[in-house]
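Fold the following for me, if possible:
(4 chains)
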2 protein chains.
Amino acid sequence: MVDKSIPDIVIGRLPIYLRSLTRMMEQGRQVTSSQELGERLGISAAQIRKDLSQFGEFGKQGTGYNIEFLTRKIQEILQVDRVWEVAVVGAGDVGHAVANYGGFQHRGFRITRIFDNDPSKIGTTFNNIKVMDIERMSEEIRKAGIQVAMLTVPAGVAQEVVDILVEAGIKAILNYAPVNLSVPAGVRVQYIDPAVHLQNMTYYLD
Amino acid sequence: MVDKSIPDIVIGRLPIYLRSLTRMMEQGRQVTSSQELGERLGISAAQIRKDLSQFGEFGKQGTGYNIEFLTRKIQEILQVDRVWEVAVVGAGDVGHAVANYGGFQHRGFRITRIFDNDPSKIGTTFNNIKVMDIERMSEEIRKAGIQVAMLTVPAGVAQEVVDILVEAGIKAILNYAPVNLSVPAGVRVQYIDPAVHLQNMTYYLD
DNA sequence: TTGTTTTTGTGCAATCAAACACAAGCGCGG
DNA sequence: CCGCGCTTGTGTTTGATTGCACAAAAACAA
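Model prediction:
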């Protein structure tokens, strides 16, 4: 019950559980078990139970977990029982794809700002959001109190943009640029690099 | 030296090392050390040395690692010292973004096929590649011996598409659909779900 | 040559994560 | 009401991963 330093690796699995639970709920399911969830996810039932037990007792012996209740609890733990405003930096193909993606709202995020430095893009509209000049980024982010950003700029300028984001108060960055970023303590970064993910698998090919 | 079951977690770090080394090489650097690399990546120097020592002795005491040599070695280990043909399934925004991305070629991959089931997309061209009817997918993949695929279709049809891909001989799947996939042993899956990555970080926000 | 500095590769210890196994609780059928 | 089957939560064990610390090798300067 008490939150005494939950391992990162446990936190990292919660969004996976959440995604699967949401899917079950869409299918009209009411109840599941650690065993069923484990089979769907390729994770042992014991591990799922132990992960969840870090935060409370959400199940019922003999029955399992009420899907709606557990979903709600995990959303609370992850703080996605609210909607975080997200700033996207970079209005290229990737920025375009994420801005157009409709699946964020239900999962705790809403893209409300898009920035770029290309005059031919500034002023155009992505999914009802006007692309703004990156010069105004710091001010806008600070004014709106935005803490979450997605970085979809070229690798060469990623670090300098990150420095501005951090300065403006961003605390969580989803980085699509294929470079490692340097950020101060208290700022989190997650990396999405398709080539890295692919290279993870080629080792195992014949 | 001998490849006696290297832990997955070690393999997972190699692409990160590779990316950083490539960057150093672009900057004209010749030599680096486990310490420098570790500082750049936020990983302990000891861990980097131990990871690399699983595959051989690539460094020189007192000097460090020759960047070009180490790069080559890691490329060999990961089997990205060749170019893998990649099939993209789903010609939506994400499929469009990855097909247009020019950064794959130098990292071991080349997208050579794009499939979709939407008649209005079939026949159009993405980055010089014609979008093909998904009906022909199985045959095309098998004929070309393609082992790597990127899945950028809606969540609802992801599993059924995966079943076809597996049947056609695909062994590595980079999945952008926000669902867990079920695949037989011998087939690897990596997941990219921006919402999951973001939810990983919101736990730590105030 | 000799001493100093640097950095690797690795045995060992410590920490962290996963799996096991079971008592206890719940639901249900008879 | 009783007994059976199912499933949770968790103490304990097992296993994996990381960090520590140092001998040995290389480079370099004097």
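
Just say helix, strand or coil for the residue in chain A positioned nearest to DNA strand C.
Closest approach between chain A and DNA strand C, counting by CB to the nearest atom of the strand: residue A:62, at 2.5 Å. All C-beta spots, glycine's among them, are computed from the backbone N, C-alpha and C. Of the three states, residue A:62 takes coil under DSSP: H, G, I helix; E, B strand; the rest coil.

and if you look at residue A:85?
strand.

Number of residues surrounding it?
If you count neighbours by other CB atoms under 10 Å in any protein chain shown, residue A:85 ends up with 16.

any idea which element the residue nearest the centre of chain A lies in?
Residue closest to the mean C-alpha point of chain A, counted by CA atoms, centre = their mean, is residue A:174 at 7.2 Å. Taking DSSP states H and E as the criterion, residue A:174 maps to strand A:172-175.

follow-up on the earlier one: residues in contact with the residue nearest to the centre of chain A?
Shown in contact with residue A:174 (CB atoms under 8 Å, 6 or more residues apart in numbering or on different chains): A:148, A:149, A:150, A:151, A:189, A:190, A:192, B:194, B:197, B:198, B:201.

Kindly reformat these as a markdown table containing distance to residue B:96.
Converted to a markdown table, those look like this (distance: CB to CB, whole Å):
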| residue | distance to residue B:96 |
| --- | --- |
| A:148 | 25 |
| A:149 | 23 |
| A:150 | 17 |
| A:151 | 19 |
| A:189 | 26 |
| A:190 | 23 |
| A:192 | 16 |
| B:194 | 16 |
| B:197 | 21 |
| B:198 | 22 |
| B:201 | 27 |
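
can you map out the strands along chain A?
A:31-32, A:59-60, A:64-66, A:84-89, A:109-116, A:125-126, A:129-133, A:148-151, A:172-175, A:188-191 (DSSP state E).

Ok, which of those comes nearest residue B:43?
strand A:188-191 (13.3 Å; CB to CB).

which parts of chain A sit against DNA strand C?
Contact residues, chain A versus DNA strand C (CB under 7 Å from any atom of the strand): A:7-10, A:43-44, A:46-47, A:49-50, A:60-63.

Mind checking which of those are buried?
Those of those that meet the buried threshold are A:43, A:49, by 16 or more other CB atoms under 10 Å in any protein chain shown.

Turn the residues of chain A next to DNA strand C into CSV, including pLDDT and distance to residue B:96.
Listed next are those as CSV, based on pLDDT from 0 to 100; distance: CB to CB, whole Å:
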residue, pLDDT, distance to residue B:96
A:7, 97, 38
A:8, 97, 34
A:9, 98, 34
A:10, 98, 36
A:43, 97, 33
A:44, 97, 38
A:46, 98, 42
A:47, 98, 38
A:49, 98, 42
A:50, 98, 42
A:60, 97, 46
A:61, 97, 50
A:62, 95, 50
A:63, 96, 46
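
which ones among the residues of chain A next to DNA strand C are found in helices?
A:8, A:9, A:10, A:46, A:47, A:49, A:50 (DSSP state H).

State the pLDDT value of residue A:2.
We have a pLDDT of 45 for residue A:2.

now the residue lying closest to residue A:191 once chain neighbours are set aside, which residues is it bridged with?
Distances taken as CB to CB, 6 or more residues apart in numbering or on different chains place residue A:175 nearest to residue A:191, at 5.3 Å, with adjacent residues excluded. Under DSSP bridges, the beta-bridge partners of residue A:175 are residue A:151, residue A:191.

Can you get me a residue count around the nearest residue to the residue nearest to the centre of chain A once chain neighbours are set aside?
Ranked by CB to CB, 6+ apart and with sequence neighbours excluded, the top spatial neighbour of residue A:174 is residue A:150, at 4.6 Å. Neighbourhood size, residue A:150 [other CB under 10 Å]: 27.

ok, residue A:150 - contacts?
A:86, A:87, A:88, A:89, A:95, A:98, A:111, A:173, A:174, A:176, B:194.

which of those residues tops the neighbour count?
Compared across the contacts of residue A:150, residue A:89 has the highest neighbour count, 28 neighbours, by other CB under 10 Å.

So residue A:154 sits against residue A:176, correct?
No. Residue A:154 is beyond contact range of residue A:176, at 10.2 Å (criterion: CB atoms under 8 Å).

shared neighbours, those two?
With CB under 8 Å, 6+ apart as the test, residue A:154 and residue A:176 both reach residue A:90.

Pull up the gap between residue A:24 and residue A:33, please.
Separation of residue A:24 from residue A:33 (CB to CB, to the nearest Å): 11 Å.

Comparing the two, which residue is more hemmed in?
For the pair residue A:24 and residue A:33, the greater number of neighbours falls to residue A:24 (19 against 16), based on other CB under 10 Å.

Now for the more buried one: which residues touch it?
Neighbour list for residue A:24: A:32, A:67 [criterion: CB under 8 Å, 6+ apart].

Equivalent analysis for residue A:13, please.
A:43, A:51.

pLDDT score assigned to it?
Note on residue A:13: pLDDT of 98.

go on, the one 4 residues further on?
We have a pLDDT of 98 for residue A:17.

Name the nearest residue to it, sequence neighbours excluded.
residue A:74 is the one closest to residue A:17 (CB to CB, 6+ apart), at 6.1 Å.

how many neighbours does the one you found have?
For residue A:74, the neighbour count with other CB under 10 Å is 23.

Make sure it is actually in contact with residue A:16.
No. With contact defined as CB under 8 Å, residue A:74 does not reach residue A:16; the gap is 10.1 Å.

I'd like the distance between residue A:205 and residue A:169.
Taken as CB to CB, the span from residue A:205 to residue A:169 is 44 Å.

nope, residue A:11 is what I meant
Applying CB to CB, the value for residue A:11 to residue A:169 is 22 Å.
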